[in-house]
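Chemist: Pasting the sequence and the predicted coordinates here, then a few questions.
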Amino acid sequence: MQATAKTIEVCTTDGYTDNYRERRQYAQTGYYGALGNYWLFNDRWLQRRYLIQVSQEQDANGIMPAYAPLASDDYMVILDSNCLWLRSLHDYLLFTGDTKTVTQLLPAALKLLQLLDSYTSDLGLITNPPYPYWLDHSVIDRQGANFCLNGHYLGALKDFADVLDWLGQAGSEIYRTRALRVQKSLQQHLWDNEKGLFSDALIHQKLSPQFSEHANAMALAEHVASPEQAESIITKVLE
């Protein structure tokens, strides 16, 4: 807890910045940073402004930038950070009960989700999207349908369905249905029986030969893995 408090203090000026060096309010950093903030400082206004500022930079097609407010014409997109903005919206409502702000941000969220859906294949998985995604500075196979990116997408769909339910809005079943489809597709189509692990990606209906802790950790975190698959993953990762 002390380490978390000190880290957030170091990385916070008038917004959650990625570190002391760049001082950018990255969309994904706001998601992580707020999780510590809610328990330690409970500064709801800092997260409210982050959600609003990122949404104000939204493009007409629905995509949001990796950071906001923009300091120049460097409109950088990190696709997984768009999913984490959606998840931040969920957590903000959960911890603050600020229905007014979240209701005002619903049109931006819906536009973004419509765009993400347009990048999905017949399996419901985001496949070869036209924007880059980060997923940590690691050598991960980013071809085809990437497991980690779709894990973030799965979490965003489930979280947004919760938001609609909490606000008494219609449509949550649409996103729960999409989420279930993503979950089943990942479980069935990206599992390698011989390896006993999930592959990094599905490329032209074939599994990537690359396997990472990232993909398999995501399978556990988002409950994609069956009990038998989870047991295999845990055993192999520990080894």
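Modeler: Happy to help now that I have it. Residues are numbered from 1 along each chain as shown.
Chemist: Report the buried residues of the worst-scoring helix or strand of the chain on mean pLDDT.
Modeler: Ranking every helix and strand in the chain by mean pLDDT, DSSP states H and E puts helix 2-10 at the bottom, with a mean of 84. Neighbour-count burial for helix 2-10, counted by 16 or more other CB atoms under 10 Å, picks out I8. Just so you know, the C-beta spots here come from the backbone N, C-alpha and C atoms, and that holds for glycine as well.
Chemist: just how off-centre is that helix within its chain?
Modeler: Centroid separation between helix 2-10 and its chain, computed with CA atoms, centre = their mean, to the nearest Å, is 23 Å.
Chemist: Identify the residues contacting that helix?
Modeler: 16, 19-20, 33, 36-37, 40-41 (CB atoms under 8 Å, 6 or more residues apart in numbering).
Chemist: Turn the residues you listed into a markdown table, columns for distance to S121.
Modeler: Compiled in a markdown table, these are given as follows (distance: CB to CB, whole Å):
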| residue | distance to S121 |
| --- | --- |
| Y16 | 34 |
| N19 | 36 |
| Y20 | 41 |
| G33 | 33 |
| G36 | 36 |
| N37 | 37 |
| L40 | 41 |
| F41 | 42 |
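Chemist: out of these, which are inside helices?
Modeler: Of the contacts of helix 2-10, the ones assigned to helices by DSSP state H are 33, 36-37, 40.
Chemist: Would you mind checking the residues you listed for buried ones?
Modeler: Using 16+ other CB under 10 Å, the buried ones in the ones in helices among the contacts of helix 2-10 are 33, 36-37.
Chemist: Export the least confident helix or strand of the chain to PDB, keeping only CA atoms.
Modeler: These are the backbone C-alpha positions of helix 2-10, laid out as PDB (Å, rounded to 0.1, in the frame of the first residue of the first chain):
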ATOM      1  CA  GLN A   2       2.900   2.400   0.800                       C
ATOM      2  CA  ALA A   3       4.500   1.600  -2.500                       C
ATOM      3  CA  THR A   4       1.300   2.200  -4.300                       C
ATOM      4  CA  ALA A   5       0.700   5.500  -2.600                       C
ATOM      5  CA  LYS A   6       4.200   6.800  -3.300                       C
ATOM      6  CA  THR A   7       4.000   5.700  -6.900                       C
ATOM      7  CA  ILE A   8       0.700   7.500  -7.500                       C
ATOM      8  CA  GLU A   9       2.000  10.600  -5.700                       C
ATOM      9  CA  VAL A  10       5.100  10.700  -7.900                       C
END
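Chemist: ok, back up a step: identify, from the ones in helices among the contacts of helix 2-10, the entry nearest to D200.
Modeler: G33 (27.5 Å; CB to CB).
Chemist: Mind telling me what element the residue of the chain most remote from its centre is part of?
Modeler: When distances are taken from the C-alpha mean of the chain, E194 lies farthest, 29.2 Å away, according to CA atoms, centre = their mean. In the assignment (DSSP states H and E), E194 maps to no helix and no strand.
Chemist: gap between it and T235?
Modeler: 15 Å (CB to CB, to the nearest Å).
Chemist: S185: what's it in contact with?
Modeler: Applying CB under 8 Å, 6+ apart, the residues near S185 are 123-125.
Chemist: mind running it again at 10 Å?
Modeler: The contact partners of S185, by CB atoms under 10 Å, 6 or more residues apart in numbering, come to 120-125, 145, 150, 154, 202, 224.
Chemist: Quick check on those residues: which are buried?
Modeler: Judged by 16+ other CB under 10 Å, buried ones among the contacts of S185: 120, 123-125, 145, 150, 154, 202, 224.
Chemist: Ramachandran angles for the nearest residue to A66 once chain neighbours are set aside?
Modeler: Using CB to CB, 6 or more residues apart in numbering and skipping the chain neighbours, the partner closest in space to A66 is I78 (4.1 Å). Note on I78: backbone dihedrals following degrees, to the nearest 10 are phi -120, psi 110.
Chemist: Since that was my last question, I'll sign off now.
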